[in-house]
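Asks: Show me how the following folds:
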Amino acid sequence: LNIYGNHFEGPIPEGLVESMPMLKSFTVSNNHLTGPLPKAFSKLAHNMTNLDVDGNFLTGTVPAYLNDMLMLRTLNLNDNQFTGKMPDLSSLGGLMYFGMGLNEEQKEIPDERYLPRMPLFFKISKNGKGDRSLPDPRRVPNVEGLAFTGGFKGDIPVDFFTTLSKLDNLIVLTFCDYDV
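Replies: Residues are numbered from 1 along each chain as shown. You can find the predicted model right below:
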């Protein structure tokens with residue numbers, strides 16, 4: 001299912017997800033969706049390879065059941081209004097693309113023990129108010145691509161690029177909508 005950028009509003013209906021028990025890919029990025037991620041996604045743990053809800057107004061906490069979705073290759077949660085800490089996602093060993101947003105409770109990239117075994121591409125945004133400075137990239141030491149998208153503000157720390165130069169696998173670095 002791909003309904004990218006259609007200005008749909010409201011919550012993601014539980015019934016929509018439940019009506020597609022063999023669903024493998026769910027992309028609803030860049031709409032105006034609200035509310036939490038439906039619990040019905042937990043029933044798709046053995047099928048789902050792509051869950052992309054980037055760029056909406058989803059709320060609540062990021063559900064812990066995502067750690068059971070072992071087939072996921074793409075998990076893109078950033079640019080929403082999620083609250084609370086990121087749950088343990090360390091079981092998602094096949095994840096290639098991971099996007100998350102920082103918030104008032106999750107101010108830094110989670111410790112690597114709770115992250116997937118390093119996706120190839122890591123996209124991070126800043127949600128909410130408060131500290132809008134860049135997170136420490138040393139928390140994702142093995143990524144090949146790193147994107148800072150939206151919500152970051154302020155001077156880039158003097159040692160930031162020195163730190164990045166120590167990420168041996170880094171090939172792609174992206175800054176998007178950075179407010180200096």
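Asks: Please enumerate the strands of this protein.
Replies: Taking DSSP state E to define them, one finds strands in the chain at 9-11, 25-27, 32-35, 50-52, 57-58, 74-76, 97-102, 121-126, 145-149, 172-176.
Asks: For those, give me a markdown table that also has distance to residue 43 and mean neighbour count.
Replies: All C-beta atoms are positioned from the backbone trio N, CA, C, and that covers glycine. Listed next are those as a markdown table, based on distance: least, CB to CB, whole Å; neighbours: other CB atoms under 10 Å:
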| stretch | distance to residue 43 | mean neighbour count |
| --- | --- | --- |
| strand 9-11 | 17 | 12 |
| strand 25-27 | 13 | 18 |
| strand 32-35 | 18 | 15 |
| strand 50-52 | 13 | 20 |
| strand 57-58 | 19 | 18 |
| strand 74-76 | 17 | 21 |
| strand 97-102 | 22 | 23 |
| strand 121-126 | 27 | 23 |
| strand 145-149 | 30 | 19 |
| strand 172-176 | 34 | 12 |
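Asks: among those strands, which is nearest residue 164?
Replies: strand 172-176 (6.6 Å; CB to CB).
Asks: and that closest one, what's its mean pLDDT?
Replies: The pLDDT scores in strand 172-176 average 90.
Asks: tell me what it is packed against?
Replies: Contact here means 3 or more CB pairs under 8 Å, 6 or more residues apart in numbering; DSSP states H and E; on that basis strand 172-176 packs against strand 145-149.
Asks: Pairing partners for the strand it packs on, with directions?
Replies: Taking DSSP bridges as the criterion, strand 145-149 sits next to strand 121-126 (parallel), strand 172-176 (parallel) in its sheet.
Asks: Could you report the separation of residue 39 from residue 171?
Replies: Per CB to CB, to the nearest Å, residue 39 is found 37 Å from residue 171.
Asks: most distant residue from the middle of the protein?
Replies: Here the chain reaches farthest from its C-alpha mean at residue 158, the gap being 26.5 Å by CA atoms, centre = their mean.
Asks: isn't residue 153 right up against residue 132?
Replies: Yes - under the criterion of CB atoms under 8 Å, residue 153 is in contact with residue 132, at a separation of 3.9 Å.
Asks: With that, I have no additional questions.
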